[in-house]
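In: A structural model of the following input is requested.
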Amino acid sequence: MATREFSLLPPPASVPLHTFVLSGLKMLWMSLVTENPLTWDRVQGRSHPRADVTGPFYVIGAPNVNFAPGKAVLGAAEDLKSSPLFLFSGKILGPNGEPVAATLDLWQANTSGMYALTSYRNRGKVSTDPATGKFEVLTVPPAQYGISASVMRAAHIHAIISAPGYQPIVTQFYLASRNDPTPLKKDWQVLIQRPGWAVPTDKGDLFWDLPQLKDSDTEGVKLVAEWNGYLQNHGLKISCGASDIIKLNKA
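Out: Modelled structure (predicted):
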């Protein structure tokens, strides 16, 4: 993969009308057939312990947002400049722990719990570093959303992960305030939560009351320092983050 200079993303491209319509038809088909709540757990849900539903907000054709192998900017510039910054990192591995050159097709809500449907805002494909299977993604922390206080989706980032020679997986990465699992127990789709961390602001505040990133987490501290270096010229800093590891099954 070619390396380019780090920069915040330009305004996201609009979703072509035919792509929007095809995406809607695909989601309708999936909700009735492949992701029907009556059969999903016995079919798709058994394919992988981290399998999850695609949900209704997937849009076909998101662009690649890497600026270097394993490093990407997912969050739209307008959101990054007005929201806390979330550093999402992790590894994609094979069943024996081998690094996998994978693609993560990611999409998420913004900090107000809203999805962009007519543009590729907060959507993009991320390629892992093929030598390590690692990925690092700059975005904004997704918010909870729902139709009422009793019918809420916990904060999450969607992903379709694929790689040659491995079974693709649809999954969701979850995060909760204070790493409290209570909201997740109320989420009708939730499967798993990954603990998050926060970096104190100049006033000592911690986003979502997440636990402070510990000095003993040398890899996390190194990542934050590296990304803050990228962001320095933009007057921005990492506020919080989380990490995860997914092991793919062989095809």
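
In: what's the least confident helix or strand in this protein, going by average pLDDT?
Out: helix 182-185 (a mean of 54; mean pLDDT, DSSP states H and E).

In: Tell me where the stretch 51-200 of the chain has helices.
Out: 77-80, 182-185 (DSSP state H, counting those that start in this stretch).

In: Mind listing what's buried along the longest helix along the chain?
Out: Taking DSSP state H as the assignment, the helix of the chain that covers the most residues is helix 17-32. By 16 or more other CB atoms under 10 Å, the buried positions in helix 17-32 come out as 20, 23, 27, 30-31. (Glycine included, C-beta is placed from N, CA and C.)

In: With stretch 237-251 instead?
Out: 238-244, 246-248.

In: Which members of those define the maximum pairwise distance?
Out: Taking CB to CB as the measure, those span a maximum distance of 30.2 Å, between 239 and 248.

In: Among the buried residues of stretch 237-251, which are located in strands?
Out: Of those, the ones assigned to strands by DSSP state E are 240-244, 246-247.

In: Closest one of these to residue 161?
Out: residue 246 (6.2 Å).

In: Next one: the closest residue to residue 31 other than its chain neighbours from residue 107, what distance?
Out: Ranked by CB to CB, 6 or more residues apart in numbering and with sequence neighbours excluded, the top spatial neighbour of residue 31 is residue 56, at 7.1 Å. Residue 56 is 11 Å from residue 107, where distance means CB to CB, to the nearest Å.

In: Give me the more crowded residue out of the two.
Out: Neighbour count, other CB atoms under 10 Å: between residue 56 and residue 107, residue 107 has more, with 23 against 14.

In: Is the more buried one bridged to anything, and to what?
Out: With DSSP bridges applied, residue 107 shows beta-bridge pairing to residue 123, residue 158.

In: any idea how far it is from residue 159?
Out: Using CB to CB, one gets 8 Å for the distance from residue 107 to residue 159.

In: where does the closest residue to residue 30 other than its chain neighbours land on pLDDT?
Out: Take residue 30 and drop its neighbours on the chain: the residue closest to it by CB to CB, 6+ apart is residue 54, 6.0 Å away. What the model reports as pLDDT for residue 54 is 89.

In: Please name the residues that touch residue 54.
Out: Contact analysis of residue 54 by CB atoms under 8 Å, 6 or more residues apart in numbering lists 27, 30, 35, 158, 160, 170.

In: let's see it at 7 Å
Out: By CB atoms under 7 Å, 6 or more residues apart in numbering, the contact list for residue 54 reads 30, 35, 170.

In: what do you get for residue 108?
Out: Neighbouring residues of residue 108 by CB under 7 Å, 6+ apart: 122, 139, 142, 157-158.

In: Going by neighbour count, which of these are buried?
Out: The neighbour count (16+ other CB under 10 Å) marks 122, 139, 142, 157-158 as buried among those.
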